[in-house]
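Chemist: Quick check, what structure comes out for this input:
(chains A and B)
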There are 2 protein chains.
Amino acid sequence: MSRPLILITNDDGFDAKGISSLVNAVEEFGDLFIVAPDRPQSGMGHAITVNEPIRSYKTSYFNKVNAYCCTGTPVDCIKMGMFLLKDKKPDLILSGINHGSNVSTNVLYSGTMSAAVEGALEGIPSIGFSLTSYDANADFTPSIKYVKLIVKAVMDNNLKTGTCLNVNIPYVKEENIKGIKVCKQGRAFWDDTFDQRSDPFGKDYFWLTGSFGSKDNDKEADIHYLENNYVTVVPTQFDMTCYQSLNELTKWNFNEI
Amino acid sequence: MSRPLILITNDDGFDAKGISSLVNAVEEFGDLFIVAPDRPQSGMGHAITVNEPIRSYKTSYFNKVNAYCCTGTPVDCIKMGMFLLKDKKPDLILSGINHGSNVSTNVLYSGTMSAAVEGALEGIPSIGFSLTSYDANADFTPSIKYVKLIVKAVMDNNLKTGTCLNVNIPYVKEENIKGIKVCKQGRAFWDDTFDQRSDPFGKDYFWLTGSFGSKDNDKEADIHYLENNYVTVVPTQFDMTCYQSLNELTKWNFNEI
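Modeler: Predicted structure coming up:
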């Protein structure tokens, strides 16, 4: 029996510590094929590159593992990986480990999670992993155990087609992690602002900033469990229809101005 | 009573015909405030700009309407609009009219729709409009009637908080449009490929291409109705949890390797 084929990307770039940690964690599970951004692509969401061409080139950065750097977004990297693999369809797509949480509505902004959602769109079981530390030198050691457990569980069970997992791992000592919790996406929002500055020529520029905090207190949501030191697993799909509103909207009168 | 405040953006850039058509269609409904990308931002999905600063500058392009160009993505434009408006919260957010369809799973890739989803995240009623023609000089005249009808309906009714509308308008003669259909997001997918080329220096580059077609035949979905010349209205929300999988996943054994 041939080993499973696992396509891997991330959004922090091929040389981030998180993707190397992921590669080390999962190489026992199959043959790896990496297509990762050539530079940080955080916050790229589900962006694809349509107005300019993409470059993709082989790298020896991951030693014996087949790996490519790509100038595109994380979602481009998944598409490029599928293209380069030609007729060999991956059995699993993994993204991360992201440097920073992607809990709650961050799933929309996250390049890491959008790559996993793209995998779901391709009909391939996919997982996005994130650690709640933005530190480039974060210690991924306690994460490894949970990455292995969750990858193994996905390989042993049937993840519903069109679904991926959003996994967030608390950045605490291993003994303080309480376990794995399957839960729903929380409702939390960015309180955005812009840091307005003046360049040396007197013209304004802005840095998008703010804090992620405006949230409900739902005790069944990922944000709550993550704050309480659980590894959170949210099954994630791409049908954004608000089914609750369908009936209401059919009653609206669209025909009078 | 003060007039409603309407924040407007798009993803084709401030000088696209689609956004001017939208502005002309809705100026009777309120005070407009435009923050639009300074260049095409198609396919940007829910991307935000975090690794570089953003510029934003006033433009007289829309004559008397308060308008800014922004170097960021469509979602950045919504965030910038909210920032520039300070304490004045918009009553409505509109995005488009996009040059090209954003039906089905394109909602994920679309900058136009992601701007509307960002509005929903802000708790503001929001609508993304798209016309099924990529032509920069497309005739938006038949769209205007439906834009007005749908904006009026949203202003007269209560769109569930956290919900926006994904509106797609068929590019056919007005007399051939069969009406407005409230429906769900279809399941259709891009059959991606890359057009591989060689640059003058012998190095490969790639254009992401492909066709949108791999679809189910759901007669209740937007893609079906749009193909049958209906204006489709999909209520869209941002909880991507796969609730059907929650129960199944809690039965998985995550604790053995």
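
Chemist: pull the CA atoms of the helix or strand where A:A115 lies into PDB?
Modeler: Secondary-structure assignment from DSSP states H and E places A:A115 in helix A:111-121. Taking C-alpha atoms only, helix A:111-121 is exported to PDB below (Å, rounded to 0.1, in the frame of the first residue of the first chain):
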ATOM      1  CA  GLY A 111      -4.300  32.700   4.900                       C
ATOM      2  CA  THR A 112      -3.600  29.600   6.900                       C
ATOM      3  CA  MET A 113      -7.300  28.700   7.200                       C
ATOM      4  CA  SER A 114      -8.200  29.800   3.700                       C
ATOM      5  CA  ALA A 115      -5.700  27.300   2.400                       C
ATOM      6  CA  ALA A 116      -7.500  24.600   4.400                       C
ATOM      7  CA  VAL A 117     -10.900  25.900   3.100                       C
ATOM      8  CA  GLU A 118      -9.500  25.700  -0.400                       C
ATOM      9  CA  GLY A 119      -8.600  22.100   0.300                       C
ATOM     10  CA  ALA A 120     -12.200  21.500   1.400                       C
ATOM     11  CA  LEU A 121     -13.400  23.100  -1.900                       C
END
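
Chemist: Now do the next helix or strand after that helix, average pLDDT.
Modeler: Towards the C-terminus, the helix or strand next in line after helix A:111-121, according to DSSP H and E, is strand A:126-131. The average pLDDT within strand A:126-131 is 98.

Chemist: residue ranges for the helices of chain A, please.
Modeler: Ranges of helices within chain A are A:17-26, A:74-85, A:106-109, A:111-121, A:141-156, A:222-227, A:243-250, based on DSSP state H.

Chemist: Where does the prediction get shaky in chain A?
Modeler: Applying pLDDT under 70 to chain A flags the ranges A:1, A:256-257.

Chemist: Grab the nearest non-local neighbour of A:G119.
Modeler: Nearest residue to A:G119, sequence neighbours excluded (C-beta to C-beta, 6 or more residues apart in numbering or on different chains): A:S126, at 2.9 Å. To be clear about C-beta, it is placed using only N, CA and C from the backbone, and glycine gets the same treatment.

Chemist: In terms of secondary structure, what does the helix holding A:A115 contact?
Modeler: For helix A:111-121, the elements it packs on are helix A:74-85, strand A:92-99, helix A:106-109, strand A:126-131, strand A:164-169, strand A:230-236, helix B:106-109, judged by 3 or more C-beta pairs under 8 Å, 6 or more residues apart in numbering or on different chains; DSSP states H and E.

Chemist: So for A:S60, which of those sits nearest?
Modeler: Among these, helix A:74-85 comes nearest to A:S60, with 16.1 Å by C-beta to C-beta.

Chemist: Which residues does the closest one contact?
Modeler: Helix A:74-85 is contacted by residues A:5, A:7, A:9-11, A:33, A:35-37, A:41, A:44, A:46-49, A:54, A:56, A:68, A:70, A:72, A:89-90, A:93, A:95, A:111-112, A:114-115, A:118-119, A:122, B:45, B:109, B:192-194, B:206, B:208 when judged by C-beta atoms under 8 Å, 6 or more residues apart in numbering or on different chains.

Chemist: Make a PyMOL selection of the buried ones in the residues you listed.
Modeler: To isolate the buried subset of these in PyMOL, counting by 16 or more other C-beta atoms under 10 Å in any protein chain shown, use the following:
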select buried, (chain A and resi 5+7+9+10+11+33+35+36+37+41+44+46+47+48+49+54+56+68+70+72+90+93+95+111+112+114+115+118+119+122) or (chain B and resi 45+109+192+194+206+208)
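
Chemist: re earlier: out of the helices of chain A, the one nearest B:I180 is which?
Modeler: Set against B:I180 and scored by C-beta to C-beta, the helices of chain A come closest in helix A:243-250, at 9.8 Å.

Chemist: Report whether that closest one contacts chain B.
Modeler: Yes - using C-beta under 8 Å from any C-beta of the partner chain, helix A:243-250 reaches chain B at A:Y243, A:Q244, A:S245, A:L246, A:E248, A:L249, A:T250.

Chemist: For stretch A:236-251, measure first residue to last.
Modeler: End-to-end distance for stretch A:236-251: 30 Å, by C-alpha to C-alpha, to the nearest Å.

Chemist: picking that back up, quick one: the helices and strands packed on helix A:111-121 as JSON lines, columns for distance to B:N176 too.
Modeler: Supplementary listing: the helices and strands packed on helix A:111-121 in JSON lines, determined by distance: least, C-beta to C-beta, whole Å:
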{"stretch": "helix A:74-85", "distance to B:N176": "35"}
{"stretch": "strand A:92-99", "distance to B:N176": "42"}
{"stretch": "helix A:106-109", "distance to B:N176": "36"}
{"stretch": "strand A:126-131", "distance to B:N176": "41"}
{"stretch": "strand A:164-169", "distance to B:N176": "40"}
{"stretch": "strand A:230-236", "distance to B:N176": "39"}
{"stretch": "helix B:106-109", "distance to B:N176": "23"}
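
Chemist: quick one: which of these is nearest B:E220?
Modeler: Closest to B:E220 of the helices and strands packed on helix A:111-121 is helix B:106-109 (C-beta to C-beta; 16.4 Å).

Chemist: Does anything pack onto the closest one? Which helices or strands?
Modeler: Applying 3+ C-beta pairs under 8 Å, 6+ apart, we find helix B:106-109 packed against helix A:111-121, helix B:111-121.

Chemist: Dump these into JSON lines; add distance to A:S143 as well.
Modeler: As requested, the helices and strands packed on helix B:106-109 are exported to JSON lines (distance: least, C-beta to C-beta, whole Å):
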{"stretch": "helix A:111-121", "distance to A:S143": "14"}
{"stretch": "helix B:111-121", "distance to A:S143": "28"}
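
Chemist: ok so, going back, so which of the helices of chain A is the most packed in?
Modeler: Stretch with highest mean neighbour count among the helices of chain A: helix A:111-121 (a mean of 30; mean count of other C-beta atoms under 10 Å in any protein chain shown).

Chemist: ok and that helix relative to helix A:74-85, angle-wise?
Modeler: Going by axes from the mean of the first three to the mean of the last three C-alpha atoms, to 10 degrees, helix A:111-121 is angled at 50 degrees with respect to helix A:74-85.

Chemist: Count the residues that sit near A:E27.
Modeler: Using other C-beta atoms under 10 Å in any protein chain shown, the number of residues around A:E27 comes to 15.

Chemist: Identify the spatial nearest neighbour of it, chain neighbours not counted.
Modeler: Nearest non-adjacent residue to A:E27, counting by C-beta to C-beta, 6+ apart: A:V65, 7.2 Å away.
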